[in-house]
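**Q** I'll drop the sequence and a predicted model, then ask my questions.
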Amino acid sequence: MKKIRIYLKKLYAFLYKMPGWIWLIPILILAVNVRLTYLTKADIWHDEGYTAAIIQQPIREIIAITTTDVHPPLYYVIMHVWQSIFGNSVASLRGFSVTCGILTIALLFLLLQKLFSKRIAVFGSFLAALGPFLIRYSDEARMYALAALLAVAMTYAFVVAVEHKNKKFWWALYGILVALGLYTQYFLALILPAHFVYIWLKLGGNRTAIKNIFKDKNVWLAAETCFLLFLPWLPVMISQTSRVSGGFWIPEVTKFTIPTTLSMFLTYDDRIVRYFGLLLPPIIIAISFTLAKKHPKYQAAIWILTIWSLLPMIIIYILSQGRPVYLDRYFTYSAPAFYGLIAVFIGLIFSNKKWWPIGISIVLTLFIGHYMWHIGGKNIAESSWNNTSTAMNHINENIQSSDAIISGEIYTYFHTSYYNRTNKEIILLKPKEELGWVGEWGLIKKLNTPEISSLESVKSPRIWLILREKTYDEYKKQVPLYWQLKQEFHDGDLIIGLYENKKITG
């Protein structure tokens, strides 16, 4: 037994002396592997179809169109350049998000190493590599993986800037990264309170510290840099914010909303809520408070991760009491902090340098990582229900020259258009209320998409009508009585009906 202890101590000493990049490389290889596993499991869905369509426009038009949407333009501008190089296949469109996801893990390693230790950095980056929420949105052609990368990047730049007070480069870089974050997703502004608490605690955590923050020229340099860079878009953001009506499709928040998001981070379902109910956020705060008190050296670091993990959700939850704007995926940028915080809990609770606490911390990290990958990976696979390509291939292979293809609503238009290989434009059935250039309709107008107000205006002898299961009954009522259903094809969420127009064919 004594020989085993001596061997384990020597092994730990050897592993401890290994440089961080040697640990990071296999973690990044693991991260790439699990992300590529699910990259093309699901077909392009509605939001990704919108991405695929808008990035085909010139950059000037992309910016003009996004002024009518609810998202800022940076992601689409980058994707315009990306697809011009790598193409617009499913793997190519999602490849940029995969790249952002891998870089996020690498930067998270550097951040945790800067804030805590190499051991916690290894634990945190390992958990982030297997975290199902980051995997899921690293495999989607939307801005959430980029937002997560910028969140970690701006936080790292901020921590370094606070450490090197007289180096203006890091403060200016921080201001630039915050501005880029705002040009990607507005909710990234909600990280800034975490940064404020960090520098406040670093300066003493008292009233004098607050005064010193507001007197610090470097802080003002970062603020002015961000403000000047974002100023051209500020009126647009205000206009977009005032236009948001809460969305008829965004569900209302409940007392389980935030715990469910945290559960999604861990397993990509709500099973953790079933275990802990409403206790998960209070448990996290209680552990953070206890560890910050026990390890004052890491007090500021613990709270920056805790606030970054939870406060954005809390703020949006409160705002959603009036009009719902809370969606789990909007907080992808909080997931790296959450995984890092779990690593901090494990690393500090088992911080004794004896071999057995270190062994327990390693086993516990491996167990949580495996659990997230096993359960979360299964849930990601099960949620990959979208089979748009199969559904559209049914049309592609059976279309006739005189046929018409109708999308019953905008939520079946963009992704079906992506898989449309018929050389026929899909016609969009307009809603009863004209929405003008608001939101996705701005792109519809820009593309000069053919629209109809009523199915009765269709003059083709055969019509392919594309509907969703969710709204099938509502839109089926609009089908004219003289349309005879010849066949109906179900795949994923789509229902495609082939109708014969008896008014034409007799």
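**A** Good, I have the coordinates.
**Q** Return the distance of the residue nearest to residue 491 when sequence neighbours are not counted relative to residue 496.
**A** Leaving aside its chain neighbours, residue 491 sits nearest to residue 391 (4.1 Å; criterion: Cβ to Cβ, 6 or more residues apart in numbering). Glycine gets a C-beta too; all of them are placed from N, C-alpha and C. Distance, residue 391 to residue 496, by Cβ to Cβ, to the nearest Å: 6 Å.
**Q** neighbour count winner among these two?
**A** residue 391 (24 against 20; other Cβ atoms under 10 Å).
**Q** Backbone dihedrals for that one, please?
**A** Torsion angles at residue 391 (phi, psi; degrees, to the nearest 10) stand at phi -60, psi -40.
**Q** now do residue 143
**A** Dihedral angles (degrees, to the nearest 10) for residue 143: phi -80, psi 0.
**Q** Quick check: it touching residue 78?
**A** No - in this structure, residue 143 is not within contact of residue 78 by Cβ atoms under 8 Å, at 9.1 Å.
**Q** higher neighbour count, these two?
**A** residue 143 (29 against 16).
**Q** Check what pLDDT the more buried one gets.
**A** Residue 143 is assigned a pLDDT of 98 by the prediction.
**Q** Tell me which residues touch it, please.
**A** Residue 143 makes contact with 71, 74, 75, 184, 185, according to Cβ atoms under 8 Å, 6 or more residues apart in numbering.
**Q** Distance check, the residue most central in space within the chain against residue 451.
**A** When the chain is reduced to its mean C-alpha position, the nearest residue by Cα atoms, centre = their mean turns out to be residue 144, at 2.9 Å. Per Cβ to Cβ, residue 144 is found 30 Å from residue 451.
**Q** for residue 101, same thing?
**A** Applying Cβ to Cβ to residue 101 and residue 451 gives a distance of 37 Å.
**Q** The two - which one has more neighbours?
**A** When residue 101 and residue 451 are compared for neighbours, residue 101 comes out ahead with 29 against 13, by other Cβ under 10 Å.
**Q** what's stretch 275-290 in contact with?
**A** 255-256, 258-259, 262-263, 272-273, 302-303, 306, 309-310, 341, 345.
**Q** So which of these belong to helices?
**A** Mapping the contacts of stretch 275-290 onto helices (DSSP state H) picks out 258-259, 262-263, 272-273, 302-303, 306, 309-310, 341, 345.
**Q** Considering the residues you listed, which possesses the most neighbours?
**A** Neighbour counts for the ones in helices among the contacts of stretch 275-290 (other Cβ under 10 Å) peak at residue 302, which has 28 neighbours.
**Q** what's the pLDDT at the closest residue in space to that one that isn't next to it in sequence?
**A** Among residues not flanking residue 302 along the chain, residue 292 sits closest, at 4.6 Å (Cβ to Cβ, 6+ apart). Residue 292 is assigned a predicted lDDT (pLDDT) of 97.
**Q** Any buried residues in the strand or helix carrying residue 292, and which?
**A** Of the helices and strands defined by DSSP states H and E, residue 292 is found in helix 280-294. Buried residues in helix 280-294, counted by 16 or more other Cβ atoms under 10 Å: 280, 281, 284, 287, 288, 291, 292.
**Q** per-residue confidence for the first one?
**A** The reference is to residue 280. Residue 280 is given a pLDDT of 90.
**Q** same question, the third one
**A** Residue 284 is assigned a pLDDT of 96 by the prediction.
**Q** re earlier: for the residue nearest to residue 491, which residues are in contact?
**A** Contacts of residue 391 by Cβ under 8 Å, 6+ apart are 416, 419, 466, 489, 491, 492, 494, 496.
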